[in-house]
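J.: next one to model:
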Amino acid sequence: MEETTPLAVALFSEILMADQLARARLSRALPKGMELSHFSVLNHLAGVGMERTPAQLAKLFHVTRGAMTNTLNKLEVAGYIHIRPDWDDARRKFVDISPAGRRARDSALAGILPIISEVVNELGDERVRATLPILRELRTKLDAAS
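T.: Okay, here's the model as predicted:
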């Protein structure tokens, strides 16, 4: 176990630094006023094409319900999402992306796509394809542990 400690520290140090650098670079490319958390929620809703509850979104993004409520409130004020009550259970709400939200997500994606494409091109498709299964497995293990 002690033999893998430096390797584990090096792995997570690289992942954390890459995450920090990627977030900073992508945040600068987003449309004015949009945060990375906003883009992430819009991108998810656009991808799944169906309503989600705030609790489902909080769990998916591993944030508190309060943090998700804050993000959703900002997205609703911007007109990027619709929040409606659950007609069967008034305690629950459902969230869906609006047409304006889809346009904002597409605009944000257009801004960040050149950045992520450049990185993939510099690394090479083959190396990225070889890395993805390891990153997915790492994500799965971390998700299962939370």
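J.: all strands of the protein, in order?
T.: Using DSSP state E, the strands of the chain run over 81-85, 93-97.
J.: how about JSON lines for those strands, with distance to Ser146 and mean neighbour count added?
T.: The way it works is simple: take the backbone N, C-alpha and C, and place the C-beta from them, glycine included. Output for these, formatted as JSON lines (distance: least, Cβ to Cβ, whole Å; neighbours: other Cβ atoms under 10 Å):
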{"stretch": "strand 81-85", "distance to Ser146": "26", "mean neighbour count": "15"}
{"stretch": "strand 93-97", "distance to Ser146": "22", "mean neighbour count": "19"}
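J.: now distance to Thr140 too, for those, in CSV please.
T.: Formatted as CSV, the strands of the chain follow (distance: least, Cβ to Cβ, whole Å):
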stretch, distance to Thr140
strand 81-85, 28
strand 93-97, 26
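J.: can you tell me which of those strands is nearest to Lys32?
T.: Comparing the strands of the chain by their distance to Lys32 (Cβ to Cβ), the top pick is strand 81-85, with 18.5 Å.
J.: between strand 93-97 and the closest one, find me the angle.
T.: Here the directions of strand 81-85 and strand 93-97 differ by 160 degrees (axes from the mean of the first three to the mean of the last three Cα atoms, to 10 degrees).
J.: where do the helices sit along this structure?
T.: For the chain, helices defined by DSSP state H occupy the ranges 5-29, 36-48, 54-61, 65-77, 99-123, 125-145.
J.: what angle separates the first one from helix 99-123?
T.: Between the axis of helix 5-29 and that of helix 99-123 there is an angle of 130 degrees, by the same axes, to 10 degrees.
J.: as TSV, the strands of the chain with mean pLDDT and distance to Gly47 would be great.
T.: Output for these, formatted as TSV (pLDDT from 0 to 100; distance: least, Cβ to Cβ, whole Å):
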stretch	mean pLDDT	distance to Gly47
strand 81-85	96	14
strand 93-97	97	10
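J.: out of those, nearest to Ala67?
T.: Smallest distance to Ala67 across the strands of the chain (Cβ to Cβ): 14.3 Å, for strand 93-97.
J.: got a list of contacts for the closest one?
T.: The set of residues external to strand 93-97 that reach it, using Cβ atoms under 8 Å, 6 or more residues apart in numbering, is 42, 45-46, 50-54, 57, 72, 80-86, 105.
J.: lovely, talk soon.
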